[in-house]
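Q: This is a predicted model, with the sequence first.
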Amino acid sequence: MRNDPQAMLLADLDSLTIMQLRQKYRGEATAHSNMMARAKTKGASIHPAFRAFKDFLRHVGPKPTKKATLDRIDNNDPEYAPGKVRWADKKTQNANKGDSVIFHCAVTGRYFKPGQLAARQKITPAAIRKRRSDGWTDAEIIAGSRQVQKPIAPPKSRPSPVSAYRPPMSAAEVLFMRNREACEHYKRETGEEYFVTTPAEFYETLGQDAVRFCGGPEWIQYAEALFLKHKLPSWWKEFKPHINFLALKPFQQEWILRIDPDQANKLKMAASL
């Protein structure tokens, strides 16, 4: 175990408290705090599986070197989520600029840049990038060849009157399904209903860095006013179909009742049963 960082991490996750984990994994804790701060200052999106430091550490693992920092694999994607981040050195982060083109292999989960594929296929990076503008899929670009579409032979028997065709989902439907999966994942991982991070929870999460990022505790009063006016109503409108109001914690229910008083009927009904 001594030479196996992953095994050591799993043992620490099972035995150490959150405070002890933050003290032992200071660099990782700082990266987590910085990530949470970006959600407030730069509009970054944090996946529910990354909100708690312990869950974040379980997914990303320990830093390979002291100088490694948290890097989004695709800078065009603002979400910090499992499979979308990595520990990277400064050279890798500099190369991973917002205008970089990235190709994803759905089979292996790996990501490739034009330079990597160009060296492998012995062509120029410009030729790799042009393939995307020509309509090549990521799989075809990574393989270095286009798939030939074979003609489809007409069916020998009469097709079923029930069509198997399903129209593609709209953007709203995709977002609805994604939010539902995120809430279900959070409930499986924590045993609790997913709820947007309140300013007080965010301030507490930052720990010793709270004053540096937010100022004194008086910041919470100001932040909660904005939270109640903007962020909470927007979040509730989007996630309400996936949240069991009665399973929320009392302080979370109080927040919701301030913007959606009709939920009080559920509390009355539950109390009468």
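A: Looks like it arrived, so ask away. Numbering: from 1, shown residues only.
Q: Wasn't Arg166 part of a helix?
A: No. Read with DSSP: H, G, I helix; E, B strand; the rest coil, Arg166 is coil and lies in no helix.
Q: give the contact list for it.
A: Counting by C-beta atoms under 8 Å, 6 or more residues apart in numbering, Arg166 touches no other residue. Using the backbone N, CA and C atoms, a C-beta is placed for each residue, glycine as well.
Q: I'd like the distance between it and Thr137.
A: Distance from Arg166 to Thr137, counting by C-beta to C-beta, to the nearest Å: 21 Å.
Q: Same check on Gly61?
A: Following C-beta to C-beta, the distance that separates Gly61 from Thr137 is 31 Å.
Q: same check, this time on Pro125
A: As judged by C-beta to C-beta, Pro125 and Thr137 stand 18 Å apart.
Q: Likewise for Lys231?
A: According to C-beta to C-beta, Lys231 and Thr137 sit 37 Å apart.
Q: cool, Ile102 as well?
A: Distance from Ile102 to Thr137, by C-beta to C-beta: 14 Å.
Q: same check, this time on Glu218
A: Counting by C-beta to C-beta, the separation of Glu218 from Thr137 is 53 Å.
Q: What of Lys40?
A: Look at Lys40 and Thr137: by C-beta to C-beta, they are 37 Å apart.
Q: next one: His185
A: Relative to Thr137, and taking C-beta to C-beta, His185 is found at 28 Å.
Q: Mind jotting down where the strands sit in the stretch 101-250 of the chain?
A: Using DSSP state E, counting those that start in this stretch, the strands of the stretch 101-250 of the chain run over 103-104, 111-112.
Q: between those, which gets nearest to Trp235?
A: strand 103-104 (28.7 Å; C-beta to C-beta).
Q: what's next to that closest one, contact-wise?
A: The contact list for strand 103-104 (C-beta under 8 Å, 6+ apart) reads Arg110, Tyr111, Phe112, Lys113, Pro114, Leu117, Arg132, Asp138, Ile141, Ile142.
Q: thinking again about what came up before, for the strands of the stretch 101-250 of the chain, give me TSV that also has distance to Ala7 and mean neighbour count.
A: Shown next, in TSV, are the strands of the stretch 101-250 of the chain (distance: least, C-beta to C-beta, whole Å; neighbours: other C-beta atoms under 10 Å):
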stretch	distance to Ala7	mean neighbour count
strand 103-104	30	18
strand 111-112	27	18
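Q: Going along the chain, name the helices of the stretch 1-150 of the chain.
A: 5-15, 18-24, 26-41, 53-60, 90-95, 114-121, 125-133, 138-143 (DSSP state H, counting those that start in this stretch).
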